[in-house]
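Participant: missing the sequence, but the structure's below:
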């Protein structure tokens, strides 16, 4: 694995003060990764839709410190200082120090906010850490103006991965692959890459409604869940299955076979949670209303011949996926039927997006 490409050489420019602001989206995996090795290397490749409305907006203010002083950072989340979040960010900065040594020459003030509830299974770590990575690369671009956008996106994905694996898939869009896979040219365990093949019109502007079944903290974090795959009795079979499913979905995304897409995506979602059920210790992240929604989706699909389907992340919330041409009818179904299973009737209507945006 070639990580040397991300180690910067001496800079010819010096920056005393700067502030950068980025908005980066969450993403929802269609083929899941569950299980990893250090440093944040996935046991299988994954592929995701980049979202649009579920995003994190982050600004970082950089102030150069006098030589010999120790750099520090402050962290604000939705306007309030968040000491509880600092250890994870400090760990992230420690992991990337070889690749971004310049950040330790600055005091930083990080100000971040989400367009969706934190820790609710909408991959807030993905959008949050990818936003920080883009701010850091904006500083690096000022220090080294010769950097190309292609390299910036690649390095930002590489850095974000070291904080949260799924964050590697939040830099670009609309469809991103993370993990080395023979079908995907240029794919890597080190960073996400845009799906390089032509996407069928059936999957353009695909819709994703996130039904907020439970907006509270998950009782088992994704980090703990990934660790439980190390001695999992079905781990090796799962990694083979996931890579095989990525080969299958790569064909489906090109040929427009929506029925095959539905079967594969729903199977992947249930398999992810089956791995949790079979872990030791075992755990359940779905809630009763998660299962109610799934059954209502199945009934609606059978009754109307709709192309609606669901997927799940590592949480209780349900992502409802459907083609843009069914937007009006499915949105009405969600409002009239499915919203009653959501906490305080809350859901978010989203669509496939293009990735990070500088503000």
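Facilitator: Looks like it arrived, so ask away. Please read all numbers here as calculations on a predicted model, not as lab measurements.

Participant: residues in contact with the residue nearest to residue 204 when sequence neighbours are not counted?
Facilitator: Leaving aside its chain neighbours, residue 204 sits nearest to residue 324 (7.2 Å; criterion: Cβ to Cβ, 6 or more residues apart in numbering). Every residue, glycine included, has its C-beta placed from N, CA and C. With contact set as Cβ atoms under 8 Å, 6 or more residues apart in numbering, residue 324 has these partners: 204-207, 351.

Participant: among those, which ones are in strands?
Facilitator: When DSSP state E is applied, the contacts of residue 324 are split such that 207, 351 fall in strands.

Participant: of the contacts of residue 324, just say which sits nearest to residue 258.
Facilitator: residue 206 (10.0 Å; Cβ to Cβ).

Participant: number of residues surrounding that closest one?
Facilitator: Neighbours of residue 206 under the rule other Cβ atoms under 10 Å: 19.

Participant: next: the one 3 residues further on.
Facilitator: Other residues lying near residue 209 total 24 when counted by other Cβ under 10 Å.

Participant: now residue 244
Facilitator: Look at residue 244: counted by other Cβ under 10 Å, it has 12 neighbours.

Participant: show residues contacting the one helix or strand it maps to.
Facilitator: Here residue 244, judged by DSSP states H and E, is contained in helix 235-255. Here helix 235-255 makes contact (Cβ under 8 Å, 6+ apart) with 30-35, 43-47, 175, 177, 181-184, 195, 197-200, 203, 229, 232, 257, 260-261, 264-265, 267-268, 271, 275.

Participant: tell me the buried residues in it?
Facilitator: Buried residues in helix 235-255, counting neighbours by 16 or more other Cβ atoms under 10 Å, are found at 235, 238-239, 241-243, 245-246, 248-250, 252-253.

Participant: residues of the helix or strand following it that come out buried?
Facilitator: Next in sequence after helix 235-255, counting helices and strands by DSSP H and E, comes helix 258-277. Within helix 258-277, the residues scored as buried using 16+ other Cβ under 10 Å are 258, 261-262, 264-266, 268-269, 271-273, 275-276.

Participant: among these, list the two that are farthest apart in space.
Facilitator: So, the buried residues of helix 258-277 by Cβ to Cβ: farthest apart are 258 and 276, at 27.9 Å.

Participant: and the lengthiest strand in the chain, what does it pack onto?
Facilitator: Assignment by DSSP E gives strand 46-64 as the longest strand of the chain. On a contact count with 3 or more Cβ pairs under 8 Å, 6 or more residues apart in numbering; DSSP states H and E, strand 46-64 meets strand 17-31, strand 106-114, helix 124-143, strand 175-178, strand 207-211, helix 235-255, strand 347-351.

Participant: let's see 7 Å
Facilitator: Using 3 or more Cβ pairs under 7 Å, 6 or more residues apart in numbering; DSSP states H and E as the contact test, the elements touching strand 46-64 are strand 17-31, strand 106-114, helix 124-143, strand 175-178, strand 207-211, strand 347-351.

Participant: among these, which is nearest residue 92?
Facilitator: helix 124-143 (6.6 Å).

Participant: got the angle for the next helix-or-strand element following that closest one vs strand 17-31?
Facilitator: As assigned by DSSP H and E, the chain's next helix or strand after helix 124-143 is helix 149-163. Here helix 149-163 runs at an angle of 70 degrees relative to strand 17-31 (axes from the mean of the first three to the mean of the last three Cα atoms, to 10 degrees).

Participant: that'll do, ta.
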